[in-house]
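[1] Got a sequence here, can you model it:
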Amino acid sequence: MGYLLWIFGFIGAHRFYYGRQISGVIWFFTLGLFFIGWIIDLLLIPGMSRDADRRFIPGPIDYDLTWILLTFLGWLGIHRMYMGKWITGVIYMLSAGLFGLGILWDFLTLNEQLSEVNSDY
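    Numbers count the residues shown, from 1 in each chain. Modelled structure (predicted):
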């Protein structure tokens, strides 16, 4: 999954996926450190994956599917509905992801949201 999101790495998608929000924001605003950091990350993905596996709680709500839904359909709120957050999902659908700010918030906090939802099961 990290490699798939790496394709969109110039916006930091893979860094957000692995729970590295600060560098994800930096990649987002600098196009992957002017594409140089983006290419170097191709070699760093295995280490980032191991770290993320230790940090986040697995469960019935799949991280990969949720990240795919956020990356490609975030403005529709489908990822929120998949997590069981129907009200905010509908709000996202009616407001294009809260005018994009909700999508950015979810990029920053999705792994923590998923860990919380999965720990309830």
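
[2] Check A13 and give its pLDDT.
    Here the pLDDT value assigned to A13 is 89.

[3] okay, now it: neighbour count?
    A13: 21 surrounding residues under other CB atoms under 10 Å. (C-beta placed from N, C-alpha, C; glycine too.)

[4] Same check on G32?
    22.

[5] Could you number the chain from 517 rather than 1 from now on?
    Will do, 517 is the new start, and the previous item becomes G548.

[6] these two touch, right, it and W554?
    Yes: between G548 and W554 there is a contact under CB atoms under 8 Å: 2.9 Å.

[7] residues in contact with S539?
    By CB atoms under 8 Å, 6 or more residues apart in numbering, the residues touching S539 are 528, 531.

[8] Any chance you could list what contacts stretch 569-577?
    535, 579, 598-600, 627-628, 630-631, 633-635, 637.

[9] rewinding a little: list residues touching both of G548 and W554?
    Common neighbours of G548 and W554 (CB under 8 Å, 6+ apart) are 525-526.
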